[in-house]
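Novice: Okay, predicted coordinates and the sequence, questions at the end:
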Amino acid sequence: MSVKAILGKKVGMTQIFDAEGRVVPVTVLACGPCIVTQVKTVDKDGYSAAQLGFEDIKETRLTRPEQGHLAKAGVRPKRFLREVEIQEGQSVTVGQEIKADVFAEGEKVQIAGTSKGKGFAGVMKRHGFHGGEMTHGSMIHRKPMSAGATDPARVFKGTKRPGRMGNERVTQQGLKVVQVDLDRNLLLIKGAVPGANGGLVLVQKSHH
């Protein structure tokens, strides 16, 4: 079992039928195989972790330091490098391959990805404000109205205002693994997963 997480790409959504014949909406993730490119140890680095490399890439697309880092590990050039936790009582070695079978069917996981960017959005869409009246001559429909206290002559940080929505790291918890297809390195997750199709996701064992 070695590590607690794996890198993958969101392929898209589909549906399958369970044993009772019910439709289950699933997100298909192409996970791994990931290669361990570095092992962090408590003695040397102050903490324990494994760095995983995912998705082959042309060497010329990497910087010279990245090329050297992977060459030292004896690993082919990889597009993504991310650190993940190591399972308690387990050990990993550089060059070890991590596959989708890190997870089992029915297991709860949490998935981190970059959410779809929705551009500049107003407060009704972004924060769920109910807005002003739509009738009776109201000229304030979707505006944010008050900006809060006026005494400090500034708007406090964290005030809910219009702004860029989406395109940020989101972790969705409480997701369930429906199926593990080791032959094709696929994970089928019940429900939706953050991000656009083709986006990088980090699938982790649930902390709950």
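Specialist: Received it, and whenever you're ready, just let me know what you need. Numbering: from 1, shown residues only.
Novice: List the contacts of Gly132.
Specialist: The contact partners of Gly132, by Cβ atoms under 8 Å, 6 or more residues apart in numbering, come to Ser138, Ile140, His141, Arg142, Lys143, Met145. For the C-beta atoms, the positions are set from N, CA and C on the backbone; glycine is no exception.
Novice: and which of the residues you listed is nearest Glu85?
Specialist: Arg142 (43.9 Å; Cβ to Cβ).
Novice: how about stretch 67-78: buried residues?
Specialist: His69, Leu70, Ala73, Val75, Pro77, Lys78 (16 or more other Cβ atoms under 10 Å).
Novice: Now tabulate the residues you listed in a markdown table and tack on pLDDT and secondary structure.
Specialist: Below are those laid out as a markdown table (pLDDT from 0 to 100; DSSP: H, G, I helix; E, B strand; the rest coil):
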| residue | pLDDT | secondary structure |
| --- | --- | --- |
| His69 | 94 | helix |
| Leu70 | 94 | helix |
| Ala73 | 92 | helix |
| Val75 | 92 | coil |
| Pro77 | 94 | coil |
| Lys78 | 94 | strand |
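Novice: Show me how this structure divides into domains.
Specialist: Residue ranges for the domains of the chain, per automatic domain parsing: 5-117+170-205, 120-165.
Novice: and the first one, how far from the chain's centre?
Specialist: Yep, that's domain 5-117+170-205 we're talking about. Taking the mean of its C-alpha atoms, domain 5-117+170-205 sits 9 Å from the chain's own mean (Cα atoms, centre = their mean, to the nearest Å).
Novice: So which residues of this protein form helices?
Specialist: Ranges of helices in the chain, per DSSP state H, are 42-45, 64-73, 123-127.
Novice: How about residues contacting the shortest one?
Specialist: What that stands for is helix 42-45. For helix 42-45, the surrounding residues in contact (Cβ under 8 Å, 6+ apart) are Ser48.
Novice: going forward can the numbers begin at 11, since that is how I track them
Specialist: Done: numbering now begins at 11, and the last item shifts to helix 52-55.
Novice: Restrict that helix to CA atoms and write it as PDB.
Specialist: Presented in PDB, the C-alpha positions along helix 52-55 are these (Å, rounded to 0.1, in the frame of the first residue of the first chain):
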ATOM      1  CA  VAL A  52      12.900  12.600   9.000                       C
ATOM      2  CA  ASP A  53      16.700  12.300   9.500                       C
ATOM      3  CA  LYS A  54      17.600  14.300   6.400                       C
ATOM      4  CA  ASP A  55      14.600  16.500   5.600                       C
END
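Novice: looking only at pLDDT, what's the mean for that helix?
Specialist: Averaging the model's pLDDT scores along helix 52-55 yields 93.
Novice: Stretch 24-40 too?
Specialist: pLDDT averaged over stretch 24-40 gives 95.
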